[in-house]
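Undergrad: Kindly return the folded structure for what I paste below:
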Amino acid sequence: MTTEPVISLLLLAGGLGSRFGGTKQLADVGPRGSAILDHSIREAAAAGVTRVVVIGRTDLDADIRRHLAAQHGDDLDLVMVHQDAFGPQRAKPWGTGHAVVSARAALNGPVIVLNADDHYGPSGIARIGGAFVESPDGVPVASMLGFRLGRTLPASGTVSRGVCSRDAEGRLVGLVETHGIGREDSGTGGEAIRSTDPVGELSPDTPVSMNIWGLPLAAVDALGGQWEAFHDAHRDSDTAEFLLPEALDDQRSEGRLSIEVVDTDEDWIGITNREDLEVARLAFRALDASGPGGPGRTGPEEESSEEAP
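TA: Model prediction:
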């Protein structure tokens, strides 16, 4: 019997959290102990995506299951995948591209991929979920959410971002991983955004990738071959990473994938360092106060009472 394809939400939760100093995937950011991934799961469900695949580590499995049961009840359509059990063993995870490849057996249709410790705005997942289209020319079509750079920067310090360029029809034509991006005094009394690698000045409206993707299954399958080639070249490395944005851009540049850039004016919320936690809590508090349906509005008990006739 053939199983009808189902869109899955794929949450990348296998990071070590070394800069954060703990399990940031489950860090409390909202009411009733909710973490960022709980908001993503609820927003996906509101968009009609109810199958959840969490890519974590073997040592986190019990904690993640316990947390998700407390937040969403026991009927969550959940599949747990252990990235560290797929492929060669080493202390540092092999990267976000490897994480997606490790989940291939759990997928039978398109997938929305995102970081478990990043929030992409209340409408972010719905925007990506609504962007799945059939290819008119046989080339698989993926999508990525294009954030305005200025809405993704911290008040101080520097970050790396995938800076995007696109054609007149909104298709990605280039993605450059750009490092050392931060806010500086422009020298004329204003503020400028500059990067160190490559060196340059960037507009706050520059579209950037924050690692939320809508992928057809064909793109995931292609990642499998790319991973094998990557590992053959880096099998003895303790630090090399097979990164999803770079792998997808390689598919695009080779003519094997078309990537639509879906614009958003949402603010991105993420946790990298311990000091980001309070900033994230304040941001979610503001979202919750914006009205019913906010990302942190309920745990399972409140949701069931709201659905009662």
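Undergrad: all contacts plus neighbour counts: C-alpha atoms, from now on.
TA: OK.
Undergrad: doesn't Glu260 make contact with Arg171?
TA: Yes: using Cα atoms under 8 Å, Arg171 makes contact with Glu260 at a distance of 4.5 Å.
Undergrad: Check the secondary structure at Arg274 for me.
TA: When classified by DSSP: H, G, I helix; E, B strand; the rest coil, Arg274 comes out as coil.
Undergrad: Enumerate the positions of stretch 164-180 that are buried.
TA: Within stretch 164-180, the residues scored as buried using 16 or more other Cα atoms under 10 Å are Cys164, Ser165, Arg171, Leu172, Val173, Leu175, Val176, Thr178, His179, Gly180.
Undergrad: same thing with stretch 234-242?
TA: Buried residues in stretch 234-242, counted by 16+ other Cα under 10 Å: Ala240, Glu241, Phe242.
Undergrad: Equivalent analysis for stretch 72-88, please.
TA: Going by 16+ other Cα under 10 Å, stretch 72-88 has these buried residues: His72, Leu78, Val79, Met80, Val81, His82, Gln83, Asp84.
Undergrad: hey, what's the third one bridged with?
TA: Yep, that's Val79 we're talking about. Val53 (DSSP bridges).
Undergrad: How confident was the prediction at it?
TA: Val79 is assigned a pLDDT of 97 by the prediction.
Undergrad: And the last one, by the same measure?
TA: Per-residue pLDDT puts Asp84 at 94.
Undergrad: so how far is Ala289 from it?
TA: Separation of Asp84 from Ala289 (Cα to Cα, to the nearest Å): 39 Å.
Undergrad: go on, the first one?
TA: When Cα to Cα is the yardstick, His72 and Ala289 sit 21 Å from each other.
Undergrad: ditto for the third one
TA: Distance check for Val79 against Ala289: by Cα to Cα, it reads 32 Å.
Undergrad: What is the end-to-end distance of stretch 154-169?
TA: 31 Å.
Undergrad: So what's the gap between that stretch and the chain middle?
TA: Chain-centre distance of stretch 154-169: 15 Å, with Cα atoms, centre = their mean, to the nearest Å.
Undergrad: what is the mean pLDDT for stretch 152-163?
TA: Summarised as a single mean, pLDDT over stretch 152-163 is 87.
Undergrad: Likewise for stretch 226-235?
TA: In this model, stretch 226-235 carries a mean pLDDT of 97.
Undergrad: Grab the nearest non-local neighbour of the residue nearest the centre of the chain.
TA: Central residue of the chain (Cα atoms, centre = their mean): Leu114, 2.1 Å from the mean position. Closest residue in space to Leu114, ignoring its immediate chain neighbours: Ile212 at 4.4 Å, by Cα to Cα, 6 or more residues apart in numbering.
Undergrad: again with Ala99
TA: In this structure, Ala99 finds its nearest non-sequential neighbour in Gln83, 5.7 Å apart by Cα to Cα, 6+ apart.
Undergrad: Return the residues in contact with that neighbour.
TA: Neighbour list for Gln83: Gly14, Ile55, Gly56, Arg57, Thr58, Pro93, His98, Ala99, Ser102, Ala103 [criterion: Cα atoms under 8 Å, 6 or more residues apart in numbering].
Undergrad: which among those end up buried?
TA: For these, buried by 16+ other Cα under 10 Å: Gly14, Ile55, Gly56, Arg57, Pro93, His98, Ala99, Ser102, Ala103.
Undergrad: Let me have those residues in a markdown table, extended by distance to Pro198.
TA: Formatted as a markdown table, those follow (distance: Cα to Cα, whole Å):
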| residue | distance to Pro198 |
| --- | --- |
| Gly14 | 29 |
| Ile55 | 32 |
| Gly56 | 33 |
| Arg57 | 34 |
| Pro93 | 26 |
| His98 | 26 |
| Ala99 | 28 |
| Ser102 | 32 |
| Ala103 | 33 |
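Undergrad: May I ask which two of those residues are separated the most?
TA: Using Cα to Cα, the pair of the buried ones among the contacts of Gln83 lying farthest apart is Pro93 and Ala103, separated by 14.1 Å.
Undergrad: returning to that earlier point: what are the phi and psi values at the residue nearest to Ala99?
TA: Main-chain dihedrals, Gln83, degrees, to the nearest 10: phi -60, psi -40.
Undergrad: how far away is it from Gly48?
TA: To Gly48, Gln83 is 26 Å away according to Cα to Cα.
Undergrad: thinking again about what came up before, among the contacts of Gln83, which are in strands?
TA: Ile55, Gly56 (DSSP state E).
Undergrad: With distance to Asp236 added, can I get the contacts of Gln83 in JSON lines?
TA: Below are the contacts of Gln83 laid out as JSON lines (distance: Cα to Cα, whole Å):
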{"residue": "Gly14", "distance to Asp236": "21"}
{"residue": "Ile55", "distance to Asp236": "24"}
{"residue": "Gly56", "distance to Asp236": "23"}
{"residue": "Arg57", "distance to Asp236": "21"}
{"residue": "Thr58", "distance to Asp236": "22"}
{"residue": "Pro93", "distance to Asp236": "14"}
{"residue": "His98", "distance to Asp236": "16"}
{"residue": "Ala99", "distance to Asp236": "19"}
{"residue": "Ser102", "distance to Asp236": "19"}
{"residue": "Ala103", "distance to Asp236": "23"}
